[in-house]
Structure formats: structure tokens, C-alpha cells
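Novice: Whatever this is, show me its structure:
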Amino acid sequence: MVFFCGITLLSILGCNIKNNSKTEQSKRHNPTTKIKFSKRVYDFGKISAGKKVEYKYEFKNVGNIPLQINDVYTSCGCTVPTYSHKPIMPGEGSSIDVVFETENATGIQKKAVTIVSNADPSTTEIYLVGEVTSNKFFDQGKSAHL
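Specialist: Model prediction:
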């Protein structure tokens, strides 16, 4: 009876060790990539309407396969992203440059930029936030003749 219990226990432990080993192997051999931004939210503070906000969001591929950015889109047409379409190798970095045109904006602003890639997760958001104040010169004379 003790012999039978010992054999059963060894079988159970052996299966667990084998399954854990397979899990570790699949983690090492399952190609994945992740994108890690040094800063996901840029607060531009308070600026006057009509000024341009520009920020470079730097990121790194912290996965084990090349990172491919498939698309980058924004929450409105006043925000324009530019980025490289080349794959980013594991351990390497790149950036997404974002320009926010404030000409027709006033008040508190939160502009989302969505990155679609082969990373896990497949979408990542970064943000521009701040306040755009009205330009008093133009507000006083909207129909001003210059």
C-alpha cells in the first residue's frame, strides 16, 4: 500500500514538473513583443490659442521579436502624429512625434493618440493634455481689419 501511494505521489509530482517545464518553454519560445513608453502623458501646461504644441514620445521594444507599428491615429484632426514604418528590433527604441495645432481650441484639452502594433496589447494610447487660453487680441476684434 505504501509502495502504491509512493508511486502515485511521484506520478503526480512528475506531471506537475513536466507541465511547469512546458509552460516555461512556451514562454521562451512564444514570440511576443511589448512597447514601453518613457512617458505616456505629456502635459503642455497653459498656452495661448494659435501656438503649436510638439512632443516626441520615446518608446522601446521590450519584447523578443521585431515591433511593427501598423497605424497611429488621433482623436481629432488638429493633432498629427509621425512615426517610422520600419520594424523596431528587440531592445531598440524609436519615437512618435505629435503636433497639436491649437488655433481652433480653447479650454482644457486632452488629445489621445492611439498606436496599433503587433505588441501585446495591440493598441496603446498616449496623451497630450493642457489648457489653451484664448488669444485676447483676436477675441476683441474677431472681424478686425489687419
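
Novice: switch to C-alpha atoms for all contacts and neighbour counts from now on
Specialist: Noted.

Novice: Okay, and the beta partners of the residue nearest to K56 when sequence neighbours are not counted?
Specialist: Nearest residue to K56 in three dimensions, chain neighbours excluded: D97, at 4.4 Å (C-alpha to C-alpha, 6 or more residues apart in numbering). Assessed by DSSP bridges, D97 has beta-bridge partners K56, T82.

Novice: Low-confidence stretches in the chain?
Specialist: Residue ranges of the chain with pLDDT under 70: 1-29, 135-146.

Novice: wait, doesn't K36 sit right on G63?
Specialist: No: using C-alpha atoms under 8 Å, K36 is not in contact with G63; the gap is 9.4 Å.

Novice: When these two are compared, which one has more neighbours?
Specialist: When neighbours are counted by other C-alpha atoms under 10 Å, K36 and G63 differ, and G63 comes out ahead with 19 against 16.

Novice: Need the nearest residue in space to that one, chain neighbours excluded.
Specialist: Residue nearest to G63 in three dimensions, not counting chain neighbours: T33, with 3.6 Å by C-alpha to C-alpha, 6+ apart.

Novice: Settle this for me: the one you found is touching P66, isn't it.
Specialist: Yes: between T33 and P66 there is a contact under C-alpha under 8 Å: 7.1 Å.

Novice: What segments of the chain are strands?
Specialist: Along the chain, the stretches classed as strands by DSSP state E are 35-37, 41-48, 52-61, 69-74, 79-83, 93-101, 107-117, 123-133.

Novice: So which of those is the most surrounded?
Specialist: Compared across these, strand 35-37 shows the largest average neighbour count, a mean of 19 (mean count of other C-alpha atoms under 10 Å).

Novice: Excluding chain neighbours, what is closest to the residue nearest the centre of the chain?
Specialist: In the chain, the centroid-proximal residue (C-alpha atoms, centre = their mean) is T124; its distance is 3.7 Å. Closest residue in space to T124, ignoring its immediate chain neighbours: I115 at 5.2 Å, by C-alpha to C-alpha, 6+ apart.
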